[in-house]
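Asker: Quick check, what structure comes out for this input:
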Amino acid sequence: MENLLGLLRLRVRRGINLAVRDARSSDPYVAITMGEQKLKTRVVKDNCNPEWNEELTLSIADTDVPINLVVYDSDTFTLDDKMGDAEIDIKPYVECLKMGLEDLPTGTVISRVQPSRTNCLSDESCVVWDNGKIRQDMFLRLRNVESGEVEVQIEWINIPGCRGLFG
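Answerer: Model (predicted):
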């Protein structure tokens, strides 16, 4: 507990134009890994534009440990097929948290992160103040696949008794 900085809530919203891995479609799910932590969404059958709208929570002890997202096609009798991967870069988000902002109007954009060769963003990503919380929405372009994006949102959760980001 004393090594924990806090929690990161990931809202895995949806997949866009995911690759076909079965006869006409795919049965996609998302797996998130960070160090030893492994989380996954439910499978959405026969859909290359799935809506998961699921919240997954990671315990963060080190903001430098990469968060990896992999989309798989669920198969009944064989190993699940990989449908692309992306890395979630939380460093720009953490920098905004460390600013110690308070009482901003809802919807205030704190920072804008541009897509680049060093991140997996497919579009500009904004870090926004939303009712007392700081959130970042991002569209991640999947790597190692012919097509596909995943929309996620991240939000920091402070835990009483933890070091926190300022500790």
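Asker: ok now do the residue sitting nearest the centre point of the chain, which residues does it touch?
Answerer: Relative to the mean C-alpha position of the chain, the nearest C-alpha, by Cα atoms, centre = their mean, is the one of Val152, at 4.6 Å. By Cβ atoms under 8 Å, 6 or more residues apart in numbering, the contact list for Val152 reads Leu10, Arg11, Val12, Arg13, Leu69, Ile88, Asp137, Met138, Leu140. For glycine as for every other residue, the C-beta is placed from the backbone atoms N, C-alpha and C.
Asker: Mind doing that once more with 7 Å?
Answerer: Leu10, Arg11, Val12, Arg13, Ile88, Met138, Leu140 (Cβ atoms under 7 Å, 6 or more residues apart in numbering).
Asker: quick one: buried residues of the helix or strand harbouring the fourth one?
Answerer: So the one you mean is Arg13. Element membership for Arg13 (DSSP states H and E) is strand 6-16. Within strand 6-16, the residues that count as buried by 16 or more other Cβ atoms under 10 Å are Gly6, Leu8, Leu10, Arg11, Val12, Arg13, Arg14, Gly15, Ile16.
Asker: tell me which of the residues you listed is nearest to Thr106?
Answerer: Arg11 (17.5 Å; Cβ to Cβ).
Asker: Quick check: closest non-adjacent residue to the closest one.
Answerer: Spatial nearest neighbour of Arg11, chain neighbours left out: Gln153 (4.2 Å); criterion: Cβ to Cβ, 6 or more residues apart in numbering.
Asker: what's across from the one you found in the sheet?
Answerer: Beta bridges link Gln153 to Arg11, Asp137 when assigned by DSSP bridges.
Asker: so what's it up against?
Answerer: With Cβ under 7 Å, 6+ apart, Gln153 has these contacts: Arg11, Arg13, Arg135, Gln136, Asp137.
Asker: Please list all residues in contact with the last one.
Answerer: The one in question is Asp137. The contact partners of Asp137, by Cβ under 7 Å, 6+ apart, come to Ser125, Cys126, Gln153.
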